[in-house]
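[1] Structure for this input, please:
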Amino acid sequence: MPNSSENNLQYNTPEERIYLGLLDKGRTLAGKKKIDESISIFKQAIKLCPSDALPQFYLGVCFHSSGDQYMAMHHYLEAIKLDSSFVEAYINLGKLYVDFEPDAKKAIHYFEEALRRTRNAHLKDKLYAELIKLKALLSEDEQNDYEWKRMLNSFSSN
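    Residues are numbered from 1 along each chain as shown. Modelled structure (predicted):
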């Protein structure tokens, strides 16, 4: 289950119960490949709880599965704006840059962001393996350029 404030809701108010019902319904419809319907449901959930990253993430998943990478990217980024620790959103952005818009450098960036944020050892292993494959795709010049930029960024963030 992705990170979200869903776990923090107390189910006390009618709005919270409706919101959680919308998330469940949207996930069920998405699981049945009823993407347009699930998109509509997740948009309703956003109206009820605009500060929660989860419906933004699920919209990203819906658009990702339908092949609309730009809308998927938009919603994953929105989820990250709302919750910068949302590991799954970083991973899915990385996957977008592998699958739809081949850009190894951007994919590496998002996988590294996920790696920094996760505590799950199994997930870390999977991310390391993906990063090794992606870095192997970069030419030697690109690898050197990428490492140089990373080193500069690490100095500027200190």
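[2] alpha carbons only for contacts and neighbour counts from here, please
    Will do.
[3] which residues of the chain fall in strands?
    Applying DSSP state E to the chain gives no strands.
[4] for it, which residue is closest to the average position?
    Centroid-nearest residue in the chain, with CA atoms, centre = their mean: A89, separated by 1.1 Å.
[5] Pop the domain breakdown of the protein in here.
    1-83, 84-158 (automatic domain parsing).
[6] follow-up on the earlier one: got the contact list for the residue nearest to the centre of the chain?
    F57, Y76, L77, A79, I80 (CA atoms under 8 Å, 6 or more residues apart in numbering).
[7] one more time with 7 Å, if that's ok
    A89 makes contact with F57, Y76, A79, I80 under the criterion CA atoms under 7 Å, 6 or more residues apart in numbering.
[8] The last one: neighbour count?
    Burial of I80 is recorded as 19 neighbouring residues (other CA atoms under 10 Å).
[9] From what I see, it and V87 are in contact.
    No - if you go by CA atoms under 7 Å, I80 and V87 don't touch, sitting 8.6 Å apart.
[10] now, which of the contacts of A89 lie within helices?
    Those of the contacts of A89 mapping onto helices are F57, Y76, A79, I80, per DSSP state H.
[11] Quick check: pLDDT value at the third one.
    What the model reports for A79 is a pLDDT of 98.
[12] now it, nearest residue through space, not along the chain?
    Nearest non-adjacent residue to A79, counting by CA to CA, 6 or more residues apart in numbering: A53, 4.4 Å away.
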